[in-house]
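**Q** With the input below, show me the fold.
(chains A, B, C, D, E and F, ligands or ions: 3)
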Amino acid sequence: MKLVEAIIRPEKLEPLKDAFLKYKINGLNVRQVLGCGNQHGWTAHNRGTSVIMNMIPKIEIKIVVADEKVEDTIKVIMDVARTGEIGDGKIFVKSVEECIRIRTGERGDVAL
Amino acid sequence: MKLVEAIIRPEKLEPLKDAFLKYKINGLNVRQVLGCGNQHGWTAHNRGTSVIMNMIPKIEIKIVVADEKVEDTIKVIMDVARTGEIGDGKIFVKSVEECIRIRTGERGDVAL
Amino acid sequence: MKLVEAIIRPEKLEPLKDAFLKYKINGLNVRQVLGCGNQHGWTAHNRGTSVIMNMIPKIEIKIVVADEKVEDTIKVIMDVARTGEIGDGKIFVKSVEECIRIRTGERGDVAL
Amino acid sequence: MINSGDVAFVLICTMLVFFMTPGLAMFYGGMVRRKNTVNTLMSVVFCCGLAIVMWFAFGYSLAFAPDAGGFGFIGDLSYAFFNNTSSTEAGFYAANIPSALFAIFQLVFCIITPAIIVGSLSGRMKFPAIFVFVAFWLLLVYYPLAHMVWGEGGLILGLGAVDFAGGNVIHISSGVSGLVACIILGSRKGYGIQAYHPHNIPLFFIGGSILWAGWFAFNGGCALGANGLAVQAVTNSVISSGAAMLTWMLIETVLFKKVTVMGAVTGAIVGLVAITPAAGFVPFWSALIIGGLVSPICFTAMTVIKQKFGYDDALDAFGCHGIGGIWGGIATGLFAQTAINPVAQWNGLVFGDTQLITAQLMAICISVLYSGAMTALIMFVLKKVMKVRVSPEEEALGLDISEHSEEAYPAFSGIDQ
Amino acid sequence: MINSGDVAFVLICTMLVFFMTPGLAMFYGGMVRRKNTVNTLMSVVFCCGLAIVMWFAFGYSLAFAPDAGGFGFIGDLSYAFFNNTSSTEAGFYAANIPSALFAIFQLVFCIITPAIIVGSLSGRMKFPAIFVFVAFWLLLVYYPLAHMVWGEGGLILGLGAVDFAGGNVIHISSGVSGLVACIILGSRKGYGIQAYHPHNIPLFFIGGSILWAGWFAFNGGCALGANGLAVQAVTNSVISSGAAMLTWMLIETVLFKKVTVMGAVTGAIVGLVAITPAAGFVPFWSALIIGGLVSPICFTAMTVIKQKFGYDDALDAFGCHGIGGIWGGIATGLFAQTAINPVAQWNGLVFGDTQLITAQLMAICISVLYSGAMTALIMFVLKKVMKVRVSPEEEALGLDISEHSEEAYPAFSGIDQ
Amino acid sequence: MINSGDVAFVLICTMLVFFMTPGLAMFYGGMVRRKNTVNTLMSVVFCCGLAIVMWFAFGYSLAFAPDAGGFGFIGDLSYAFFNNTSSTEAGFYAANIPSALFAIFQLVFCIITPAIIVGSLSGRMKFPAIFVFVAFWLLLVYYPLAHMVWGEGGLILGLGAVDFAGGNVIHISSGVSGLVACIILGSRKGYGIQAYHPHNIPLFFIGGSILWAGWFAFNGGCALGANGLAVQAVTNSVISSGAAMLTWMLIETVLFKKVTVMGAVTGAIVGLVAITPAAGFVPFWSALIIGGLVSPICFTAMTVIKQKFGYDDALDAFGCHGIGGIWGGIATGLFAQTAINPVAQWNGLVFGDTQLITAQLMAICISVLYSGAMTALIMFVLKKVMKVRVSPEEEALGLDISEHSEEAYPAFSGIDQ
Ligand SMILES: Nc1ncnc2c1ncn2[C@@H]1O[C@H](COP(=O)(O)OP(=O)(O)O)[C@@H](O)[C@H]1O
Ligand SMILES: Nc1ncnc2c1ncn2[C@@H]1O[C@H](COP(=O)(O)OP(=O)(O)O)[C@@H](O)[C@H]1O
Ligand SMILES: Nc1ncnc2c1ncn2[C@@H]1O[C@H](COP(=O)(O)OP(=O)(O)O)[C@@H](O)[C@H]1O
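**A** Numbers count the residues shown, from 1 in each chain, chains lettered A, B, ... in the order given. Ligands and ions are numbered 1, 2, ... in the order given. The predicted structure follows:
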């Protein structure tokens, strides 16, 4: 089992959810994070003072999938979340040792 | 060392904290996430229009424990957080390579 | 590649960001979490009733770095975030199998 | 004679006092956990709808129409649907404003009273039960009490007791009812063990501010004209609220070395509660005393007494309004001066007369007993006929979703769905 | 004769009604997604600045100066820059208040009207386009319409139709304009498939409360004096809003078994919309009917009709104000009584006269057609000369950043930067 | 002669102006970082309690009682505890309202003035120090200045300078005191390097709206009656605020191609500041100029000047109130007309008289110097006797927890504990 963790632009969540639906990837969870990388934020104007928002709101998605679905999942994310501009985000893949469905106690890939 | 990461119903956090206290599991951190899985949310009524909240607020708990305590921790979570209804959530176990207590610089299991 | 995950005091984020800038660690993301450990919160007064805030707001930082930069990163965090008082937080190191830059599709260390 | 200055004043006061009920909703709403926010707003604000329609249909008549039967207990139905109520001619209660204006001015008081009670019941009562409770409470407690205290031929009026802007009818009745109802309803899950953190202090603050400013219209408007009495009432209210805020801050400083917004604003509010019955009867200097003392009194009630008896008066409707109102009623008996307002037949105790304080104590007792007993009755019957309390699961989940399928901040996370 | 009571009343009403426009901004702002909050606040509140300056420079004159040309369509420029407008002497429209007071009282109505339209256009229109739209809308729709309905020698006034506080000029015109503009603008991305969750119900609630309380000043103030008519108007407004809130709650209970804050407050608001044209003409009992029926009418419009035709009236400016205003105009034709207000030349239909209802229907038709046609014209020209709609990327990103580079809650996460 | 219209007007204005202080707390509270929210609310709102009690005890007397010693500097104690102040009889300052009403109307001005200063000190001053600072500031700056400008036999009054609603006493004094105090206090940590993002724009917006609407009562009420002067003042205030909002938006458009809510609302507020001293003296058309120019003036102060000198006027109390108030005082000297208000002994400069502008400049200088010097004195003494500034750790942690042990949104995360 792998955890696919993607940091994406907030406005890409909606299309991504739709894409996942099509590809039958249906378990995921998301949260808001602030991120910085190459993208240095946009300029806000605060009563005349220009200030840079240098941590930018991003969405972090976590999807745990069976090993064989990892590349598909990555592909879906790449297709939808890419704009080609700095700030598109990253995908990180980590290994997950065990998954348990609380409702039933099932373990392993069936629990996803 | 393992990271036990559980996605649970928000209303289960309070009883879970009490249970952990009893079992002397005292280091943890939590945050709010939105999740979707088999549970498709509840219906809200918005000036007459029914809309489905299809991402549901959940709580994500992270607990890093020594290897031998993993099963106990899972058990506590299963006992408290299970309602038997769809939406109870998942537990994921991942391996952690190192843990450092910032205050003292201690490493390994003693730092937990 | 490793993920360095640090739980720190909220007021330490600003100095830490500055420190990272100096050390040219420039990709990271942060979020707010509530944590408990040895520190049991501070006392709030609520219309005369003293209540303990026993989950305390903390900031969780995630930085994915190449293997050889892990110790440097830890050092920077330790230097900046330590106050010596209970509640300074923890650093967890986990292994990351793959990293992909969404914008370009690059993989591995270059994508960081 | 109807005159435009008085009409302007009472009309505007009506608007400002009306605004207090949503203000109370915010005040309460900010203090509850996030998951009960919508339920709290709703439980307060629906009173606007219900109390208006009931008042128009029969409530006003039961409270202010000529006495039915001569017991001084309830009015007859001659004013139902605002019959014999005119927007151009004066009525029995005030010669200088039209009777319809008197009717809607009294209405805004009737709206906020049951809304106060809701604070005691927060976080565990089913919304339909609250709805039915308020309907019957208005019918069985508010209208009779208003008639007894203010109505033509009313019982308590006959005692010689005075109540300028509703200490008995509004604050004591709602506070005591809140206490009784919350005991019968039972505590929230985990009460006494857990901390209930407020979720939004600025929202609480906005509500508290609306209450504070609106209260000047509340007390001032009860002069039913833009006259010296109104000035007296507003001035007293200003002084009392300021003094009470300072003493609350003093208590917090002494006990905790820190002052809180929640404390300071609560102080101002109890200062206003206390001055309510007294505002148009007492001299300025006494407002300083009334306000200065109400904070320690209410603080004690909300900490020591509540803890000791273990009832779960969630947002302190009893601690603020019940206790503060009783102190205000007593203070009126201490400091009232017939020279300020000849409606008071005797001076207060500090000026040597004992009749007024006796009458005040009797009026308070009647109010406490009557509203307490009737509330108990309503709650017991309600428990028999409908589900009054949410299930433990619903309580844990939060009443916003369980009772209203509506969250307070659905898209606040910035995550669109 | 100018008298201080009337001046006091109208001045204070001016202040309270002015407060309604920011209130509307909050009402709307709470209902949108977090990423469009600032844009929504801004789109409403800039109307204060623009409408004030335009009104002072020429708007007041075009609306209320003596008829230019005698067609009853627009005023001349004799009141431009408040010429011939005095803070001490009465003018043509009211003998009891100074003409400058009349001018600013009318101004606050002129401010809120375009602000209402913005609710239909939420979440997709470029801010500069909104700015230009409002400027031309005031010029081409509001001033002429105000002149026709209220101005000296106005066309619609000549029909014998009545409109107490702006059913035609304010609610129908803004609602219909919102509908037409939102159709021409096109729907938000994903409309019909996606749910648009509000981001802050307490903010919506604060705004709704300000509207509710302010509306009493809105309708009452239109009596232009602290007199019986003002009392009549306020009393009717109270009753209608209460009744409408209850029936909206009833609908929700029947359909969903749950009531929501958003529903209950919306109910109160449409109750106020409906009573607006009628407030100073109808008897109290009819307010119960007017308010009681407006909720099912508007509810149907906002669900069945909107869904059927598929237009994206985002925050229901048409559903609330357009439909509610039309119902109010008709209801005035049904229930008005000359005995209450002799400005109405005939009684309403339920009292046997047919002339008034005919005049009302004609007035409504003129308002609908005129404002609809002019809005379409403005929008079409605007589309030719400037970018009216944001790009899909900007829409997805949110208009706060794309149009204003300003977030609503930049540091709310508690993470300092 | 006391008349109900004037009493109604001034009483209601008192209530609305009182509401401005909590409004200011929200305005400021929304602009600070989340971790300083409670501290900001508290630092503003405690002024209500403290200023009320001090005013009642001796402040009113020092400001408005007959001159003590004949220097025109301070009043005597004959009005202490509202002695010789009646709720039914008129006093020296107004023949048409009771003296107690005059006293509480003046009080609400005295409440908001120190609260404005707090904006300059945000985020780094210990709360006990703020408390003591405000107490002494009222005693040493406000009461004397009010006496000099408005009091019977006051010094500045004697110069022939005019100040309709408090340009000198309120805005200049608070703005300059803010500047001086913030320089002595020192900048916030990281000032100049770091961005301080506001945490809640809607809260800022709610506060700004309350200020805007309340300001009409602020300026209008200073006519002390519902008369032509009140109408003049309110009309001017409306025009000036609208114009200033538009020019601020223009500046932002030119410089950044985007307009912000924070900018637009700030524009309206400085427009109100500028018109404050002028409102009852100048013709309508000049309000357009006064408001239109104040935005570029204050904008420059808040960007160029502040940056150049590097002082940390956190929420721009000096930039808005100090600078805006000075411009308003000068503008009064330019545009005042004796025909509008005979209290002005000469016309303004644009009408050819030079005496008024000279007097205005002198009055401004005295206000600036006096309040600046006294504030410096208070701050220096304070620094000697108590801890004035929080430690760097406390500053980083946030003053909500360090000073009040109270968070603004403890349970907002939805995570119950
Ligand atoms: N090394 C990293 N560790 C953790 N998160 C990162 C890292 N690098 C980037 N991110 C996250 O990815 C987001 C996008 O990265 P950025 O460098 O701005 O864009 P791009 O990858 O397109 O160059 C950042 O805002 C941050 O949240
Ligand atoms: N594959 C997954 N990856 C990440 N999170 C998941 C996954 N599947 C489920 N979740 C999380 O668990 C929650 C509960 O899952 P759900 O399928 O609704 O319930 P159940 O496990 O009882 O069938 C979801 O809301 C989501 O947050
Ligand atoms: N075992 C653990 N798993 C996950 N998070 C932990 C764990 N132990 C501590 N933490 C996090 O670290 C924070 C600081 O820990 P604490 O024990 O209070 O301080 P210290 O490490 O200085 O003794 C906690 O608030 C919590 O968020």
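
**Q** what's the residue in chain A that chain E sits nearest to in contact with, if anything?
**A** Closest to chain E within chain A is A:E11: 3.6 Å, counting by C-beta to the nearest C-beta. For the C-beta atoms, the positions are set from N, CA and C on the backbone; glycine is no exception. Residues near A:E11 by C-beta atoms under 8 Å, 6 or more residues apart in numbering or on different chains: D:416, E:393, E:396-398.

**Q** most surrounded residue in the residues you listed?
**A** The most crowded member of these, judged by other C-beta atoms under 10 Å in any protein chain shown, is E:G398 (26 neighbours).

**Q** any idea how far that residue lies from ligand 1?
**A** 17 Å (C-beta to the nearest ligand atom, to the nearest Å).

**Q** Tell me, how many residues neighbour the nearest residue to that residue once chain neighbours are set aside?
**A** Of all residues beyond its chain neighbours, the one nearest E:G398 is E:K35 (2.5 Å), with distances taken as C-beta to C-beta, 6 or more residues apart in numbering or on different chains. Counted with other C-beta under 10 Å, the neighbours of E:K35 add up to 25.

**Q** repeat for A:E85
**A** A:E85 - counted by other C-beta under 10 Å - has 10 other residues nearby.

**Q** With A:R82 instead?
**A** Neighbour number of A:R82 under other C-beta under 10 Å is 18.

**Q** give me phi/psi at it?
**A** When quoted as degrees, to the nearest 10, the phi and psi of A:R82 stand at phi -80, psi 130.

**Q** got it, and D:Y191?
**A** Dihedral pair for D:Y191: phi -60, psi 130, per degrees, to the nearest 10.

**Q** and it, bridged to which residues?
**A** Taking DSSP bridges as the rule, D:Y191 bridges to D:Q194.

**Q** That one contacts D:Y311, correct?
**A** No. Checked against C-beta atoms under 8 Å, the pair D:Y191 and D:Y311 is beyond contact range at 9.2 Å.

**Q** Which of those two has more residues huddled nearby?
**A** D:Y311 (21 against 15).

**Q** Would you mind listing what in chain A touches ligand 2?
**A** Within chain A, the positions near ligand 2 by C-beta under 6 Å from any ligand atom are A:27-29, A:62-64, A:101, A:103, A:112.

**Q** farthest residue from the center of chain A?
**A** Most distant residue from the mean C-alpha position of chain A: A:G48, 35.2 Å away (C-alpha atoms, centre = their mean).

**Q** Quick check: it vs ligand 2, distance?
**A** Distance from A:G48 to ligand 2, by C-beta to the nearest ligand atom: 44 Å.

**Q** Name the SS class of the residue lying closest to that residue once chain neighbours are set aside, please.
**A** Leaving aside its sequence neighbours, A:G48 sits nearest to F:T303 (C-beta to C-beta, 6+ apart; 4.0 Å). For F:T303, the assignment made with DSSP: H, G, I helix; E, B strand; the rest coil gives helix.

**Q** distance of F:T303 from ligand 1?
**A** Distance from F:T303 to ligand 1, by C-beta to the nearest ligand atom: 29 Å.

**Q** same check, this time on A:L16
**A** Counting by C-beta to the nearest ligand atom, the gap from A:L16 to ligand 1 is 15 Å.

**Q** That residue reaches A:I8, doesn't it?
**A** Yes. Counting by C-beta under 8 Å, A:I8 is a contact partner of A:L16 at 6.8 Å.

**Q** so what's in contact with these two at the same time?
**A** Counting by C-beta under 8 Å, 6+ apart, the shared contacts of A:L16 and A:I8 are A:61, A:77, A:81.

**Q** Filter those down to the buried ones.
**A** When the shared contacts of A:L16 and A:I8 are checked for burial by 16 or more other C-beta atoms under 10 Å in any protein chain shown, the buried set is A:61, A:77, A:81.

**Q** Contacts only, for D:W137.
**A** Neighbour list for D:W137: D:114, D:117, D:177, D:374-375, D:378 [criterion: C-beta under 8 Å, 6+ apart].

**Q** 10 Å - rerun?
**A** D:113-114, D:117, D:143, D:173-174, D:177, D:181, D:371, D:374-375, D:378-379 (C-beta atoms under 10 Å, 6 or more residues apart in numbering or on different chains).

**Q** And D:S286, by the same measure?
**A** D:236, D:239-240, D:275, D:278, D:331-332, D:334-337, D:348, D:350.

**Q** if you set the cut-off to 7 Å instead, what comes out?
**A** D:F335 (C-beta atoms under 7 Å, 6 or more residues apart in numbering or on different chains).

**Q** Would you mind listing the buried residues in stretch D:349-361?
**A** By 16+ other C-beta under 10 Å, the buried positions in stretch D:349-361 come out as D:349-350, D:353, D:355-360.

**Q** which residues of the chain score low on pLDDT?
**A** This is for chain A. Within chain A, the ranges that satisfy pLDDT under 70 run A:40-44, A:50-53.

**Q** that's the other chain; I wanted chain D
**A** D:417.
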